[in-house]
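1. kindly generate the corresponding structure for this input.
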Amino acid sequence: MTREASNALLKTLEEPGEDTHFFIIMPSAKRVLPTILSRVRVVKCDGHLSGGSEDAHLSIKEFLTLSKAARITKVKDIFAELEKETVSRGDITLFIESLLRFEYEKNQGKNERKSLEKQAEAVSYSRDQSASLKMILEYLALTL
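-> This next block holds a predicted model:
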């Protein structure tokens with residue numbers, strides 16, 4: 001959520017109509033302004049690709065231990081699940097973000113800055129609704 005969108009939402013939350021309820025569904029509350037978080041109740045629901053559960057973390061480790069060819073096959077499997085609606089676009093976005101977070105934490109202190117900057121840029125594109133998540137995940141599969 002952009003800062004402008006957050007500020008507009010904050011104004012809406014400050015003056016809601018009578019008997020008005022808002023349901024804000026997003027991959028992570030970390031990107032929400034603290035002033036908004038102070039006015040809402042946060043309910044966490046982790047999907048199996050989300051990176052929020054231990055199983056998903058292991059899934060990320062598993063993904064990263066695969067050969068590049070096997071990673072590309074795994075990407076195809078993930079998008080087959082998206083077509084079957086067993087995972088959501090938000091689940092995949094969180095998985096992509098978790099991949100980068102895992103790599104960053106693994107490589108802290110090492111001189112991997114340029115590589116991580118390019119990967120972080122790809123991850124930032126994943127938040128755009130018009131982005132091809134498959135292309136982004138394939139890129140990460142080949143560069144991580």
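
2. how far does stretch 15-25 sit from its chain's centre?
-> Centroid displacement of stretch 15-25 relative to its chain, using CA atoms, centre = their mean, to the nearest Å, is 25 Å.

3. could you list the buried residues of that stretch?
-> By neighbour count on 16 or more other CB atoms under 10 Å, the buried set for stretch 15-25 is empty. C-beta coordinates here come from the backbone N, C-alpha and C atoms, glycine included.

4. from Ile24, how far off is the closest residue to Phe22 other than its chain neighbours?
-> For Phe22, ignoring the flanking residues on the chain, the nearest one in space by CB to CB, 6 or more residues apart in numbering is Leu13 at 6.8 Å. As judged by CB to CB, to the nearest Å, Leu13 and Ile24 stand 9 Å apart.

5. what's the overlap in contacts for the two?
-> Val40 (CB atoms under 8 Å, 6 or more residues apart in numbering).
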